[in-house]
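J.: let's see this in three dimensions:
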Amino acid sequence: MFILMILIFVLGYAAIAFEHPLRIDKAAPALLIGVLTWVVYILGSYDILSMVNESGEFISSAWRDFVGSKPEVADLVRTAVDNPEAAGSLQQEMTHFISRHEILHHLGEISEILFFLLGAMTIVEIIDQHQGFKVITDKIKTTNKVKLLWILSFLTFFMSAALDNLTTTIVLVALLRKLIDDKKTRWFFASMVVLAANAGGAWSPIGDVTTIMLWIGGQVTAGKIIAYVFLPSLVTMIVPLIIVSFTVKGNITRPDKEGIVDLVSKRQQVSILILGVVSLLFVPIFKTYTHLPPYLGMLLGLGNLWVVTEILHRWHDIKKYVGTAGHLKEGKQEAFERLHVTKILTKVDVPTVFFFLGILLAVSSLQSAGHLGILANFLKEELENIYLINLVIGVLSSIVDNVPLVAGAIGMYNIELAGATGFEADFIVDGQFWQFLAYCAGTGGSLLIIGSAAGVAAMGMEKIDFIWYMKKISLLALSGYLAGAGVYYLQMQIL
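T.: I've put the predicted structure just below:
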């Protein structure tokens with residue numbers, strides 16, 4: 001059963017990768033592997049959770065901690081070998097542990113991401129429907145592909161540090177829809193946005209979930225991670241940009257102007273854009289001062305924007321477009337209704353949310369069962385070099401979610417006291433291991449389109465093909481990833 005979980009994950013991953021040849025939306029296999037891995041886990045719970053390592057400890061760290069906190073369960077574990085009745089009771093405890101403890105625990109973490117994503121996507125869609133992005137796109141005059149790539153990449157890089165890589169990607173992909181008409185060209189630009197967003201999130205304490213984890217956990221401080229990871233992250237973005245500057249030629253074709261500009265005044269466009277952006281920028285401030293999860297700040301911003309738009313249309317638009325008979329003027333009814341949030345919600349990309357749900361469920365089952373713990377221990381024992389360990393973690397984060405990988409690293413290595421020597425010296429607060437972990441886990445996900453939250457969001461919004469991304473972007477991402485790693489290494493040798 002332990003091996004079967006891995007097999008299901010691999011087969012599901014392959015189905016996601018070959019989404020277009022199979023003509024099956026990626027959300028379907030993601031949901032299947034998300035559920036099936038948990039089904040296999042609970043059906044084989046006795047054998048899986050009874051597995052121990054060479055030290056005699058349970059492979060599943062979650063089960064190990066659970067047993068340690070429950071003396072009555074620990075007694076069942078000791079007596080189950082020779083006592084069939086105790087073995088039956090232990091089986092019930094294991095089933096309860098998975099169905100009531102682990103699933104609910106992981107569902108809480110997954111829900112935070114999904115509600116955050118839903119809130120961000122809805123806010124962006126409200127801005128889009130009110131033509132708020134037109135205020136920005138009208139300022140971007142260039143149609144030269146190379147110039148536009150550099151402008152959007154730097155914009156993404158710094159926005160990602162202030163917001164986070166997921167929110168920034170959603171905003172920029174929405175902008176691209178207003179700037180670029182050709183689908184494949186838009187795919188390319190959206191992919192470069194993902195690279196820039198992940199790079200920008202790696203050097204900011206609030207730019208990525210993994211950096212937030214390290215910052216809150218005390219492994220890094222805000223000032224030092226900005227000072228030491230900024231340059232490598234910048235290089236990670238710039239190297240692919242330099243490469244494509246020699247290969248990308250020509251100009252973009254802008255889409256025909258369409259939609260409901262006549263229903264939205266210039267003042268309204270600017271007002272909705274400012275309020276939407278402020279709502280997004282408010283999220284990290286909300287988290288810092290309330291210590292509540294970021295998704296609550298996002299939902300607060302959405303609620304505020306929802307109320308404002310309802311009031312705005314109730315008074316301003318009705319006064320402007322209602323005729324003498326008290327009805328909306330002919331031809332305005334359908335367009336006017338599209339501006340209401342209840343209608344806008346129907347445009348939110350639900351398949352992307354389901355895809356997130358399935359992938360995160362599958363990864364959480366592997367984390368709970370101990371698969372990721374085995375991987376983490378292997379890296380710890382076989383690779384004594386902190387740079388190699390983190391480079392591998394970065395590559396692996398493009399396959400499985402970087403959050404459990406970083407969580408595993410945090411659990412494996414303790415924060416050493418200042419003055420530690422040898423291998424342990426790299427694990428003090430703001431030590432090289434933690435800083436390089438933030439860089440690698442943040443930027444390594446760019447190697448594959450489903451390797452980061454930003455990539456998954458772009459993939460869902462633009463229906464980017466997994467194989468296309470591997471052919472066109474993965475090598476670019478790898479070149480930037482290795483170049484940035486090299487810059488960090490040289491930087492630390494010099495400093």
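
J.: for the rest of this, base every contact and every neighbour count on C-alpha atoms.
T.: Noted.

J.: is it true that Phe2 touches Leu49?
T.: No - taking contacts as C-alpha atoms under 8 Å, Phe2 lies outside contact range of Leu49: 9.5 Å.

J.: pull up the overlap in contacts between the two.
T.: Residues touching both Phe2 and Leu49 (C-alpha atoms under 8 Å, 6 or more residues apart in numbering) are Ala369.

J.: the more surrounded of those two?
T.: Leu49 (24 against 19; other C-alpha atoms under 10 Å).

J.: from Ile48, how far off is the residue nearest to that one when sequence neighbours are not counted?
T.: Take Leu49 and drop its neighbours on the chain: the residue closest to it by C-alpha to C-alpha, 6 or more residues apart in numbering is Ser60, 6.4 Å away. To Ile48, Ser60 is 8 Å away according to C-alpha to C-alpha, to the nearest Å.

J.: mind listing what the residue nearest to Leu49 touches?
T.: Applying C-alpha under 8 Å, 6+ apart, we find Ser60 in contact with 49, 51, 367-371, 373.

J.: give me that answer again for 7 Å
T.: By C-alpha atoms under 7 Å, 6 or more residues apart in numbering, the contact list for Ser60 reads 49, 368-370.

J.: mark which of those residues are buried, thanks.
T.: Buried by 16 or more other C-alpha atoms under 10 Å: 49, 368-370, out of the contacts of Ser60.

J.: so what sits against both of Ser60 and Ile48?
T.: Contacts common to Ser60 and Ile48, judged by C-alpha under 7 Å, 6+ apart, are Ala369.

J.: number of residues surrounding Tyr488?
T.: 24.

J.: can you tell me the SS state at it?
T.: Put simply, Tyr488 is helix when judged by DSSP: H, G, I helix; E, B strand; the rest coil.

J.: let me know the pLDDT of it.
T.: At Tyr488, the model reports a pLDDT of 93.

J.: that one and Leu214, how far apart?
T.: Taking C-alpha to C-alpha, one finds Tyr488 at 18 Å from Leu214.

J.: for Ile386, same thing?
T.: Per C-alpha to C-alpha, Ile386 is found 16 Å from Leu214.

J.: tell me the contacts of Gly444?
T.: Residues near Gly444 by C-alpha under 7 Å, 6+ apart: 394-395, 397-398, 481.

J.: among the residues you listed, which are in helices?
T.: Using DSSP state H, the members of the contacts of Gly444 that fall in helices are 394-395, 481.

J.: which one of the contacts of Ser60 is nearest Phe115?
T.: Ser368 (22.5 Å; C-alpha to C-alpha).

J.: just read off the phi/psi values of that closest one.
T.: Per-residue torsions, Ser368: phi -70, psi -40 (degrees, to the nearest 10).

J.: and the pLDDT at it?
T.: Reading off the model, Ser368 has pLDDT 87.

J.: ok, it - contacts?
T.: Here Ser368 is in contact with 60, 62 (C-alpha under 7 Å, 6+ apart).

J.: switch to 10 Å and redo it
T.: Ser368 is in contact with 38, 41, 49, 59-63, 98, 102-103, 106, 404, counting by C-alpha atoms under 10 Å, 6 or more residues apart in numbering.

J.: quick one on the thing from earlier: what would the ones in helices among the contacts of Gly444 look like in TSV with distance to Ile225 and pLDDT?
T.: As requested, the ones in helices among the contacts of Gly444 are exported to TSV (distance: C-alpha to C-alpha, whole Å; pLDDT from 0 to 100):
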residue	distance to Ile225	pLDDT
Gly394	17	89
Val395	21	90
Tyr481	17	95
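
J.: of these, closest to Asn144?
T.: Among the ones in helices among the contacts of Gly444, Tyr481 lies closest to Asn144 (C-alpha to C-alpha), at 26.3 Å.

J.: verify the stated contact: that closest one with Ala202.
T.: No - Tyr481 is beyond contact range of Ala202, at 11.6 Å (criterion: C-alpha atoms under 10 Å).
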